[in-house]
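K.L.:
below: sequence and its predicted model.
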Amino acid sequence: MNKITKQILQDHSINHNEYNMILKIMGREPNLLELGIFSVMWSEHCSYKSTKKWLKTLPTSGKQVICGPGENAGIIDIGNDDAIVFKMESHNHPSFIEPYQGAATGVGGIMRDVFTMGARPIANLNSLRFGDPKNKKTKNLLRGVVKGIGDYGNCVGIPTVGGECFFHKSYNNNILVNAMSVGLVKKNKIFYSVAKGIGNPIIYVGSKTGRDGIHGATMASAEFSDESENQRPQVQVGDPFIEKLLLESCLELMNEDVIVAIQDMGAAGLTSSSFEMASKGNCGVKLSLDKVPCREKEMTPYEMMLSETQERMLMIIKPEKKKITYDIFKKWGLDAVEIGELTDSGKMELFFNNKLVGSLPIKPLADSSPEYNRPSKKPKKQIKKVKKNLPSKINLKNILIKILSGPNHSSKSWVFNQYDSSVMGDTIFSSEMADAAVIRIHNTNKAISVTSDCNPIYCKSDPKRGAEIAVAESWRNLIATGAEPIAITDNLNFGNPEKKEVMHEIKEAINGIKKACNELDYPVVSGNVSLYNETNGKSIYPTPVIGGVGLIKKLKFIKGFKINDQSLIYLVGQTKGHLESSLFYSHLGITGGVPPKVNFNEEKKNGNFVKFLAQKTNILIGCHDISEGGVALAIAELCLTNKKGIEVELKKKLSPEKFLFGEDQSRYLLVINEKKEFETLAKKNNIKYDKIGIVTGDHLNFKDLFSISVTRLLDLNSKWFKDYLK
Amino acid sequence: MAKEKKISIIIFPGSNCDRDLFVAVEKCLGIKPEYIWHNCSHIKTTDMILIPGGFSFGDYLRAGIIATKSPAIKEVIRFCKKGVPIIGICNGFQILTECGLLDGALIKNSNQLFKCKKINLKVMNNETVFTKNFKLSEVISMPIAHSQGNYFVKPDDLKKIEDNDQIIFKYSSIFGDVSEKYNPNGSVSNIAGISNKKKNVMGLMPHPERAIENFYNGNDGIKFFENLKDLI
Amino acid sequence: MIFRVYVKFKDGILDPEAEAIKQTIANMGSKSIKNIEKGKFFDIEVDNSKDHLKEIEKISKDLLTNPVIENFKIIKK
């Protein structure tokens, strides 16, 4: 038996205090296998030890919430016995090391989290953040990640309908790949991961176990250094065909009365799935590891328990249903093997060829993982005061052109066309055509809106406010498509929590999410935390990505970026011209300052008005909420999507740059076909509005200021990716 | 009483457009098709066979090749000899070329990337059982979604299929211009869909079953399926 | 005994992937590479009892190659 040395502890990322806790729980020194199990279960990625204390403060319940955080994914009620299962997860570190497989397996993992609960995935989204395009690694990372996501999702046959693709130097050495999956299930057909029934068989199904990804969970919790280049073997390799077989066979089995509990084997593979299922059900577990199907020779129990081989599920079934279980998996060509059973020992007992090789008490391990209250400190270096002295003559036309032709706001069709966005036949809008992707619920007259978003520039300036805005913007995006926002999933991406400034960012961001979710009655039902996104001590901008889902009760309520000839464009909401932390200022080289403030009363008032117009009137043709780039970018996007011109009259009270590029919150552009009716309704509802434009001609014409032809806009907007990837 | 007509959809492990095809057939033809699993070694009777898109057997080895070794495809070949109409869409087209029921081969897109995009198709032959309700040179639109849709055929065979009017659809502009500019994947001569010599088998890369609604990809696919009404 | 079956595109089939690989190598600094063709190979292990060549040929024709676009060559390893 290996003696546990300091080096072994270090290799397993277990510190002195954690080891003492282990000794207490075990009542003795653990062997290597047992230590390995502790190390992955207590890794940041699996245990959330640095953030758990704060995540518990988030609002997670609501009248439409069926299942909040704690299960494989969150679940919300969308009426008629239908429910939506959704979650977002990160695969940042593996994607940096091996972009294709890292991104692919990220998509695979999140889809399994959804279908393990009985839901057929109906839409995928992904939020991608790469470094500065000039950075020499960026190009290959971009190519690899997009191809990985596309190849995996396309093969499984789930439409990828939206997301983000963002470039910023803060992500030069730490890219972010956040994958979101959304599934549909009948309320009475939801499957959970609570193991029950002493003696019930434990069935392993899916790919044969190999040595891939061992210590992937601890790798995800470690910073990169210059040595990271050599870490290739730790990345998991995915096979989307096996995933498709797994999806179909599990859904088929779920139609029968067989499964007691089920969970996918994700991070920390067999270890986390078996422990979590058993601890939730207060059961003990006995596993015979020699029964685990292996694809490599002479795999040890340590390797089997820690392997992160993809496309595997663990399920507890009724003992009399073994035949139908094996028959269904045989039909689909998958290995299904009984590898153990539930006991009442409260322990995980691991056997190998009838010899006991590991024994751990389940509840203390799974439930008592360290919960740290790490120290935090607001950064000493105050955010630079913004130089208010703008250059005397700013060419606003050139700034808009720079924005529209740059990597972050150019047409993303190079990315998007690599994703199958129309398989399953229910895609109504991709996120290129509206503020959120809209997917019809199959065979019904209703739809869901789904969005994924974050502005890390705001979050760097002020993590709390930035996080509030991320939630508010997600809410606004859904409203703009005619939906009732219901709930969110959050993917929190931060640096090293052991650094006080980073811990400050984390706590503040969670506070911001909490505030906004409470104000908007928009709870968090699932989420993921990715920490240690730092290289050589330099951290990413705090990036709390918010994935929101809303319900559109009738298809006729759906709104996108549509404009008709002679439609009127109204700006709804208050514009004071907030330019600090704006896209406009960043293009002038001005950084710092505070992000705009969200007035939640305004937000709700305006949002409810838009909802009312979409659901109760026929006068709203299209809608686009305003975010970075302000009115100018939003109007330009309407022109680009529709290939039509718009004439805009600027508000006289504000300077042109404030009117065009201010990033005040809670605002929408409404495309209206009935002036009188709209203005009457707006006045009645006490809504601030300004008629700012009309759809006409073939130019984007800011009256008395500048104009660009739509043809030129389209040309400018479509070049960046082609030129970059030549 | 007229015998109820049967439309069979062959499915393989990895097929993923089968439900979309089922929905389209039911919506446009009012018939519920029957799924035939790949290891079915005897199809008793059928009036039309459809092979849907997806990644049968993961596209292992070559797209469609492993599917061709399945018992169900042997049945497809048997029914082909009887003259039963057969349509292969996307992966279905790949399967039909690999099992020799259609000429040519589908190789990787010229830009080496998966491409999902709404395209325009020009009807090149409106005298087949699949296309007689189209006008000649009519342009319809529907999406493609593939990484191996680049149709290749040797120059002599190209001449043969041209002379035999086996080219059914070509990628074109919205006005029917079939120049290379409108070729999304490098297919020889912009070919998007072809038939066999007997004209009872057709394969096409685009997805008509995804164009049956008033949203996203439009509804030209309805016309495509309604063409099949007389066949059943 | 192991038979190795090499499968390659026929002459005259444009292989953009091989072209892209050739270009990348040139970009990496190796300017003297004249041409690159890519293919795949299958190692098929059989027992030593009888002559398997005809069987390997059939497998190569029926499964491992697409005769419209690919050629094969068998060697005994």
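P.N.:
Perfect, thanks for sending it.
K.L.:
contact residues of chain B facing chain A?
P.N.:
Within chain B, the positions near chain A by C-beta under 8 Å from any C-beta of the partner chain are B:13-14, B:16-17, B:19-20, B:23-24, B:54-55, B:57-60, B:113-117, B:143, B:145, B:147, B:207, B:209-210, B:212-213, B:215-217. Backbone N, C-alpha and C define where each C-beta goes, glycine included.
K.L.:
list only buried entries from those residues.
P.N.:
For the residues of chain B next to chain A, burial is judged from neighbour counts taken by 16 or more other C-beta atoms under 10 Å in any protein chain shown, and it is met by B:13-14, B:16-17, B:19-20, B:23-24, B:54-55, B:57-59, B:113-116, B:143, B:145, B:147, B:207, B:209-210, B:212-213, B:215-217.
K.L.:
worst-scoring helix or strand of the chain, pLDDT-wise?
P.N.:
I went with chain A, as the question did not name one. Lowest by mean pLDDT, DSSP states H and E among the helices and strands of chain A is helix A:216-220, with a mean of 55.
K.L.:
try again with chain C
P.N.:
Where chain C is concerned, the least confident helix or strand, going by mean pLDDT, DSSP H and E, is helix C:16-27, with a mean of 85.
K.L.:
so who does whatever residue of chain C ends up closest to chain B touch?
P.N.:
Nearest to chain B, among the residues of chain C, is residue C:68, at 4.2 Å (C-beta to the nearest C-beta). Contact analysis of residue C:68 by C-beta atoms under 8 Å, 6 or more residues apart in numbering or on different chains lists B:97, B:103-105, B:152-154.
K.L.:
strands of chain C, start to end?
P.N.:
If you assign secondary structure with DSSP state E, the strands in chain C sit at C:2-9, C:39-45, C:70-76.
K.L.:
point out the most buried one among the ones you listed.
P.N.:
Per-residue neighbour counts averaged over each of those give the maximum for strand C:2-9, namely a mean of 17 (mean count of other C-beta atoms under 10 Å in any protein chain shown).
K.L.:
ok, back up a step: nearest to chain A, out of the strands of chain C?
P.N.:
Of all these, strand C:39-45 comes closest under C-beta to the nearest C-beta, at 16.8 Å.
K.L.:
follow-up on the earlier one: list the ones among the residues of chain B next to chain A that fall in strands.
P.N.:
Helix and strand membership here follows DSSP E; of the residues of chain B next to chain A, those in strands are B:115-117, B:143, B:145.
K.L.:
so what's the residue most central in space within chain A bridging to?
P.N.:
A centroid search over chain A (C-alpha atoms, centre = their mean) returns residue A:88, at 3.5 Å, as the residue closest to the centre. Beta bridges link residue A:88 to residue A:180, judged by DSSP bridges.
K.L.:
which ones are touching it?
P.N.:
Listed by C-beta under 8 Å, 6+ apart, the contact partners of residue A:88 are A:110, A:127, A:178-180, A:452, A:489-491, A:526-528, A:545, A:547.
K.L.:
most neighbours, which of those?
P.N.:
Ranked by neighbour count (other C-beta atoms under 10 Å in any protein chain shown), the contacts of residue A:88 have residue A:179 at the top, with 34 neighbours.
K.L.:
residue contacts, it?
P.N.:
The neighbours of residue A:179, taking C-beta under 8 Å, 6+ apart as the test, are A:88-91, A:103, A:106-107, A:109-110, A:124-126, A:149.
K.L.:
and the contacts of residue C:68, which is closest to residue A:577?
P.N.:
Taking C-beta to C-beta as the measure, residue A:577 sits nearest to residue B:152 out of the contacts of residue C:68, at 58.3 Å.
K.L.:
I'd say that closest one and residue B:185 touch.
P.N.:
No. Proximity of residue B:152 to residue B:185 does not meet the contact threshold set by C-beta atoms under 8 Å, at 10.7 Å.
K.L.:
more neighbours: those two, which one.
P.N.:
Looking at residue B:152 and residue B:185 with other C-beta under 10 Å, you find the greater number of neighbours at residue B:185, namely 25 against 21.
K.L.:
which SSE is that one in?
P.N.:
Take DSSP states H and E as the rule and residue B:185 turns out to sit in neither a helix nor a strand.
K.L.:
give me the neighbour count for the closest residue to residue A:291 other than its chain neighbours.
P.N.:
Here the nearest residue to residue A:291 in space, its sequence neighbours aside, is residue A:339; by C-beta to C-beta, 6 or more residues apart in numbering or on different chains that works out to 4.5 Å. Applying other C-beta under 10 Å, we find 20 other residues in the vicinity of residue A:339.
K.L.:
what's the spacing between residue A:339 and chain B?
P.N.:
Separation of residue A:339 from chain B (C-beta to the nearest C-beta, to the nearest Å): 24 Å.
K.L.:
and for residue A:303?
P.N.:
According to C-beta to the nearest C-beta, residue A:303 and chain B sit 26 Å apart.
K.L.:
give me the phi and psi for that residue.
P.N.:
Its backbone dihedrals place residue A:303 at phi -70, psi -40, with angles given as degrees, to the nearest 10.
K.L.:
that one reaches residue A:214, doesn't it?
P.N.:
Yes. Taking C-beta under 8 Å as the contact criterion, residue A:303 and residue A:214 are neighbours in contact, 6.2 Å apart.
K.L.:
show me which residues of chain B sit near chain C.
P.N.:
Residues of chain B found near chain C (C-beta under 8 Å from any C-beta) are B:61-62, B:65, B:69, B:97-98, B:103-105, B:107-108, B:110-112, B:152-154, B:186.
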